[in-house]
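In: A predicted structure for the sequence below; I have some questions about it.
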Amino acid sequence: MAKSVLSAYVLPLVVFPLLSALAFNFIFGHLFASGLSDKIAAECPPNEEVVSTDTTPYLLPYTGYHAVDSSLCGMVVFFHATMSSATPLNFLTYFIGVGAPFIAIPAVEASRTTGSRFIAYPVVWALLSQTATIGFSTPMYWLVFILTGGLQRFRKRGESLVTQAHAEAIVFGVIIGAAIPSVGMLVLDDPYVTALWQPYPVFVSVAQAAHLFFRPPSSFPQSGYRTIQALYIGAFIISSSVHISTVLPLLPDYDALKNLFLPSVAVLDSSTEMALQTFDFLKWDFVFGFASTIIATMWFATNFKQLLGIIAWYMVAVPVLGPGAAVLGVALWRESNLESPTYLETNKQK
């Protein structure tokens, strides 16, 4: 009993708030201390008319509402500063390319037949990640997931079911609402496209809802396991390919790898180029987003042997295939377990 309370409540309540606190310190603390926030604000003055000038090239009428346009301006400045330099752009592309777990896994968990209502609206968590960063919000998602029984709710076959209708809607939503806008932002390098990308979680949600309207769960109630499996495998292939194609050319150069992936513990000087400051911001976001997700998936294990297996998998898969593919591999394994009567019997006894 004590062991169960420790793993189900005490550890999550210690680990994930701590990760969010550290993320807040390194992401937002550095944002203000480095002067990056002031540089962004200077290009998006809140009291100015929405008119693009040489000093405010991204202060544009994105929506026609000044308060909204001023906020979008700051986000556009951030991403276009990142995309203005080769290495930061390379990392942003990498981050998006391996970031499928942040979209796909919450969408799947929200669609289970008896899933927790606290994680039933992934659009809320995804919008939070867009405004409060992935690094800060993801630990909170996993804390809520674990505390509300996201791992222990499934006692009988069918309780963990994701219907075929929901599975298809998830795939459709991820492609239409996330993948296409993300590629568009990276390729087109247009401020209006970048602004349009910011609320992409809404596009994912709307696309899913539209798909479910035409193919409702009542008409397609069978298990969508194979479709979810295909989604995870497809995302695994993309994530691992992005990782390998990014890392392989840099392997002879340790300093280049370090520069690409390791953020600065010290606050960058205010004289640092904005692209390098946004680059460091994204690296901290990446670190805490994936660190919390990797740690959270340790809770997928139902015994010590499985826990050791997950740890061993991450030790090999993260450097070789990348963190995105590594997490998706564990998610695939969990889905196969949830389809297994043996797993359900074991879980029932816990």
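Out: The structure has been received and is ready for your questions.

In: contacting residues around residue 7?
Out: Counting by C-beta atoms under 8 Å, 6 or more residues apart in numbering, residue 7 makes contact with residue 299. Every C-beta, even on glycine, is put in place using the N, C-alpha and C of the backbone.

In: and it, how far is that from residue 145?
Out: Between residue 7 and residue 145 the computed distance is 14 Å (C-beta to C-beta, to the nearest Å).

In: now residue 162
Out: 16 Å.

In: ok, now residue 116?
Out: Counting by C-beta to C-beta - residue 116 and residue 145 are separated by 7 Å.

In: Comparing the two, which residue is more hemmed in?
Out: residue 145 (23 against 17; other C-beta atoms under 10 Å).

In: nearest spatial neighbour of that one, skipping sequence neighbours?
Out: The spatial neighbour of residue 145 that comes closest, neighbours along the chain excluded (C-beta to C-beta, 6 or more residues apart in numbering), is residue 119 at 5.6 Å.

In: can you pull the contacts of the one you found?
Out: Contacts of residue 119 (C-beta under 8 Å, 6+ apart): 106, 109, 110, 125, 141, 144, 145, 148, 150.

In: so how many other residues sit close to the fourth one?
Out: Spelled out, that is residue 125. Neighbours of residue 125 under the rule other C-beta under 10 Å: 22.

In: who are the neighbours in contact with it?
Out: Contacts of residue 125 by C-beta under 8 Å, 6+ apart are 106, 119, 137, 141.

In: now the first one
Out: Neighbouring residues of residue 106 by C-beta under 8 Å, 6+ apart: 119, 122, 125, 126, 141.

In: Alpha carbons only: can I get the helix or strand hosting the third one in PDB?
Out: Secondary structure from DSSP states H and E places residue 125 in helix 122-132. Extracted in PDB, the C-alpha atoms of helix 122-132 (Å, rounded to 0.1, in the frame of the first residue of the first chain):
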ATOM      1  CA  PRO A 122      -6.200  18.100 -25.300                       C
ATOM      2  CA  VAL A 123      -6.800  21.400 -27.200                       C
ATOM      3  CA  VAL A 124      -6.700  23.200 -23.800                       C
ATOM      4  CA  TRP A 125      -3.300  21.600 -22.900                       C
ATOM      5  CA  ALA A 126      -1.900  22.300 -26.300                       C
ATOM      6  CA  LEU A 127      -3.000  25.900 -26.300                       C
ATOM      7  CA  LEU A 128      -1.300  26.200 -22.800                       C
ATOM      8  CA  SER A 129       1.900  24.800 -24.300                       C
ATOM      9  CA  GLN A 130       1.700  27.500 -27.100                       C
ATOM     10  CA  THR A 131       1.300  30.300 -24.500                       C
ATOM     11  CA  ALA A 132       3.100  29.000 -21.400                       C
END
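
In: buried set for it?
Out: 122, 123, 124, 125, 126, 127, 128, 129, 130, 132 (16 or more other C-beta atoms under 10 Å).

In: would you list these in TSV and tack on pLDDT and distance to residue 311?
Out: Shown next, in TSV, are the buried residues of helix 122-132 (pLDDT from 0 to 100; distance: C-beta to C-beta, whole Å):
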residue	pLDDT	distance to residue 311
122	93	27
123	95	32
124	95	31
125	95	26
126	95	28
127	95	32
128	95	29
129	95	26
130	94	31
132	94	29
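
In: Any buried residues in stretch 254-274, and which?
Out: 260, 263, 264, 267, 268, 272, 274.

In: May I ask you to confirm that residue 272 is in contact with residue 34?
Out: Yes: if you go by C-beta atoms under 8 Å, residue 272 and residue 34 touch, sitting 6.9 Å apart.

In: which residues of the chain fall in strands?
Out: Here the chain has no strands by DSSP state E.

In: so where's it uncertain?
Out: Residues of the chain meeting the criterion pLDDT under 70: 1-3, 47-55, 115, 152-160, 341-350.

In: what's the spacing between the residue sitting nearest the centre point of it and residue 328?
Out: Nearest residue to the geometric centre of the chain (C-alpha atoms, centre = their mean): residue 102, 2.7 Å. Using C-beta to C-beta, residue 102 is found at 11 Å from residue 328.

In: again with residue 234
Out: 9 Å.

In: returning to what we had before: which among the contacts of residue 106 gets closest to residue 186?
Out: residue 126 (18.6 Å; C-beta to C-beta).

In: how close does that closest one sit to residue 245?
Out: 26 Å.

In: Over to residue 6?
Out: 42 Å.

In: again with residue 120
Out: Distance from residue 120 to residue 245, by C-beta to C-beta: 36 Å.

In: thinking again about what came up before, find the nearest non-adjacent residue to the residue nearest to the centre of the chain, please.
Out: Leaving aside its chain neighbours, residue 102 sits nearest to residue 134 (5.9 Å; criterion: C-beta to C-beta, 6+ apart).

In: so who does that neighbour touch?
Out: Contacts for residue 134 (C-beta under 8 Å, 6+ apart) come out as 99, 102, 285, 286, 288, 289.

In: Could you identify the most distant pair in the residues you listed?
Out: Distance extremes for the contacts of residue 134: the farthest pair is 99 and 288 at 13.3 Å, using C-beta to C-beta.
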